[in-house]
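S.K.: I would like to see how this sequence folds:
(chains A, B, C and D)
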There are 2 protein chains.
Amino acid sequence: MPSHHPARSRRSTERKGDLRERAILDTCEALLAHKGYNAMTVGDIAQGAGITRGALYFYFGSKQEVVVALVARTVEHLWERSRTTAQTDEPRQAIAEAMQRTVELWNEHGLVMRTAIDLSLTVPEIGELWSHTADLFITAITAVLERAGIQAGTEPEQASAMARALCWMIERTFYHASQESRETLQGASATCEHIWLTSAGLTT
Amino acid sequence: MPSHHPARSRRSTERKGDLRERAILDTCEALLAHKGYNAMTVGDIAQGAGITRGALYFYFGSKQEVVVALVARTVEHLWERSRTTAQTDEPRQAIAEAMQRTVELWNEHGLVMRTAIDLSLTVPEIGELWSHTADLFITAITAVLERAGIQAGTEPEQASAMARALCWMIERTFYHASQESRETLQGASATCEHIWLTSAGLTT
DNA sequence: GATAAAAATCTACACTGTGTAGACTTTCTG
DNA sequence: CAGAAAGTCTACACAGTGTAGATTTTTATC
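M.R.: Sure, this is the predicted structure:
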């Protein structure tokens, strides 16, 4: 990998390699979509990016590394968005907004997110990335639950544990629904929102 | 041709192969536990079962087939148990019993169940097996919700969709918790049970 | 208990995909 | 424009897979 983190040194021109690297990740994403991780070979990716296998190994050490970089790119984007999104104090509204945002995320990045989940177990770096992402969600859900009056704490029926279960519910439900259609995903989101509301004691 | 041993000779001989087949699946399960699916090779399995690779291919056509058979064996066992377990009418008790049973299942077969979930996407047969298993759970949860007064139907806030979301919540929560410890799993179960009860409107 | 079919096992090989080595070409930079 | 850095290629060694065919063991039958 040539570019580590060159944030401070401003480069005059964008190196050819930066372009290639993006082409590689884009190709990888496309291949993931219609071949899946296992069927996709390093040769396929290289070919799609317009170079030979040998050249690809100049950028990434393995197929896994390519996918890790792809997941990192996407996840970075998620963090970015969740950081710049306004937080609402009113629980009901906060929940509605969170679910809406999550639907958008899955509509846009469902494929990579599903891949990240699938590879979490086998590729430690991806596991790391994804578990960090999940923690962001769990923290956010916990905050909403507490603001809605659920007792804070880590015991099974307190906010923290409930938030974790709700997070997994949303992850898994969206994982499946996003494979179907946007309509399915929207419906699944409504169901999750309803359960979240009920769990928060906001059933009016 | 006349059959000289009418009743008694049914399945009299257990072939040597039946023993080997079991040895292969057992070895596979053991290897999955401390190497994981990808790292485990056909040679490893054969060696563990005391035969060569070539001989293993007499029993199974591929590594995937071995794992499919292993999952099938386990899942068969799940179905068996859920069929012979008494169903309770009282919702609260039904939920408590279902959760207890599920904890036991994951304690006993967590490894294979996690494997099944991981491979659902990439191995169609396993996907089939697992989705059928999930359907059993979803149907059961739906029934309990309806008995508790939740409106029947498939709209986002009706019993069927809610049961699906709750099923995924339990699956994913148990998937993670069963990797930790029995205590973690027990706590996670309590949390899921609480959310299920709340969703069913049984919060007294 | 001899024997032939079936069941089980082995060795050897062809194939696919991975990752590495080293030579070569292009693109910067002073 | 010359040397360095970046990028690319071909060729090779290696892992694991699945198959072919010969060979041995087990089982059923007379």
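
S.K.: which helix or strand contains A:G201?
M.R.: A:G201 belongs to no helix or strand when elements are defined using DSSP states H and E.

S.K.: wait, doesn't it sit right on A:A148?
M.R.: Yes - in terms of C-beta atoms under 8 Å, A:G201 counts as a neighbour of A:A148; the distance is 6.2 Å. C-beta here means a position set from N, CA and C on the backbone, and glycine is covered the same way.

S.K.: so if I had to pick from these two, which one is more boxed in?
M.R.: In terms of neighbours (other C-beta atoms under 10 Å in any protein chain shown), A:A148 is the more surrounded of A:G201 and A:A148; the figures are 19 against 13.

S.K.: next, the more buried one: phi, psi?
M.R.: Note on A:A148: its backbone torsions stand at phi -80, psi 0 [degrees, to the nearest 10].

S.K.: likewise A:G61?
M.R.: With angles defined as degrees, to the nearest 10, A:G61 shows backbone torsions of phi -80, psi -20.

S.K.: how far away is it from DNA strand C?
M.R.: Here A:G61 is placed at a distance of 6 Å from DNA strand C (C-beta to the nearest atom of the strand, to the nearest Å).

S.K.: ok, A:S178 next?
M.R.: A:S178 sits at a distance of 26 Å from DNA strand C (criterion: C-beta to the nearest atom of the strand).

S.K.: same question, A:T122
M.R.: Between A:T122 and DNA strand C the distance is 13 Å, computed by C-beta to the nearest atom of the strand.

S.K.: check contacts around that residue.
M.R.: Neighbouring residues of A:T122 by C-beta atoms under 8 Å, 6 or more residues apart in numbering or on different chains: B:36-38, B:118.

S.K.: equivalent analysis for A:A152, please.
M.R.: Neighbour list for A:A152: A:142, A:146, A:158-160 [criterion: C-beta under 8 Å, 6+ apart].

S.K.: what about 10 Å?
M.R.: The neighbourhood of A:A152, defined by C-beta atoms under 10 Å, 6 or more residues apart in numbering or on different chains, consists of A:142-143, A:145-146, A:158-160.

S.K.: got it, and A:H176?
M.R.: Listed by C-beta under 10 Å, 6+ apart, the contact set of A:H176 reads A:114, A:184-185, A:188, B:131, B:134, B:164-165, B:168.

S.K.: returning to that earlier point: which pair of the contacts of A:T122 spans the longest distance?
M.R.: When the contacts of A:T122 are compared pair by pair using C-beta to C-beta, the farthest-apart members prove to be B:N38 and B:D118, with a separation of 10.1 Å.

S.K.: overlap in contacts, the two.
M.R.: Overlap of the contact sets of B:N38 and B:D118 (by C-beta under 10 Å, 6+ apart) consists of A:121-122.

S.K.: quick one, which of those two is more surrounded?
M.R.: When B:N38 and B:D118 are compared on other C-beta under 10 Å, the one with more neighbours turns out to be B:D118, at 20 against 11.

S.K.: thought the more buried one was touching B:G36?
M.R.: Yes - contact status for B:D118 versus B:G36: in contact at 9.2 Å, counting by C-beta atoms under 10 Å.

S.K.: find residues that contact each of these two.
M.R.: Overlap between the neighbourhoods of B:D118 and B:G36 consists of A:121-122, taking contacts as C-beta under 10 Å, 6+ apart.

S.K.: rewinding a little: let me have the contacts of A:A152 in CSV, extended by distance to chain B and neighbour count.
M.R.: Listed next are those as CSV, based on distance: C-beta to the nearest C-beta, whole Å; neighbours: other C-beta atoms under 10 Å in any protein chain shown:
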residue, distance to chain B, neighbour count
A:T142, 13, 22
A:A143, 17, 16
A:L145, 11, 25
A:E146, 15, 18
A:Q158, 9, 18
A:A159, 11, 24
A:S160, 9, 20
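
S.K.: and the two most separated of these?
M.R.: Spatially, the most separated pair among the contacts of A:A152 is A:A143 and A:Q158, at 13.3 Å (C-beta to C-beta).

S.K.: and for A:Q93, the neighbour number?
M.R.: Based on other C-beta under 10 Å, the number of other residues close to A:Q93 is 10.

S.K.: oh, that last question was meant for A:T85, not what I typed.
M.R.: A:T85: 11 surrounding residues under other C-beta under 10 Å.

S.K.: what of the one 4 residues further on?
M.R.: Burial measure for A:D89: 8 neighbouring residues, criterion other C-beta under 10 Å.

S.K.: I'd say it and A:R147 touch.
M.R.: Yes - A:D89 lies in contact with A:R147 (C-beta under 10 Å); the separation is 7.1 Å.

S.K.: residue contacts, A:G201?
M.R.: Counting by C-beta under 10 Å, 6+ apart, the residues that A:G201 touches are A:91, A:145, A:148-150, B:198, B:203.

S.K.: ignore the last one, A:E183
M.R.: Counting by C-beta under 10 Å, 6+ apart, A:E183 makes contact with A:A177.

S.K.: now do the SS call for it.
M.R.: Classification of A:E183 into helix, strand or coil gives helix, according to DSSP: H, G, I helix; E, B strand; the rest coil.

S.K.: let me know the pLDDT of it.
M.R.: pLDDT for A:E183: 97.

S.K.: just give me the closest of the contacts of A:H176 to DNA strand C.
M.R.: Distance to DNA strand C across those (C-beta to the nearest atom of the strand) is lowest for A:R114, with 20.0 Å.

S.K.: next, give phi and psi for that closest one.
M.R.: When quoted as degrees, to the nearest 10, the phi and psi of A:R114 stand at phi -60, psi -40.

S.K.: mind listing what it touches?
M.R.: Under the criterion of C-beta under 10 Å, 6+ apart, the contact list for A:R114 reads A:32, A:106, A:174-176, A:178-179, B:121.

S.K.: now with 6 Å?
M.R.: If you count contacts by C-beta atoms under 6 Å, 6 or more residues apart in numbering or on different chains, A:R114 has them with A:Y175.
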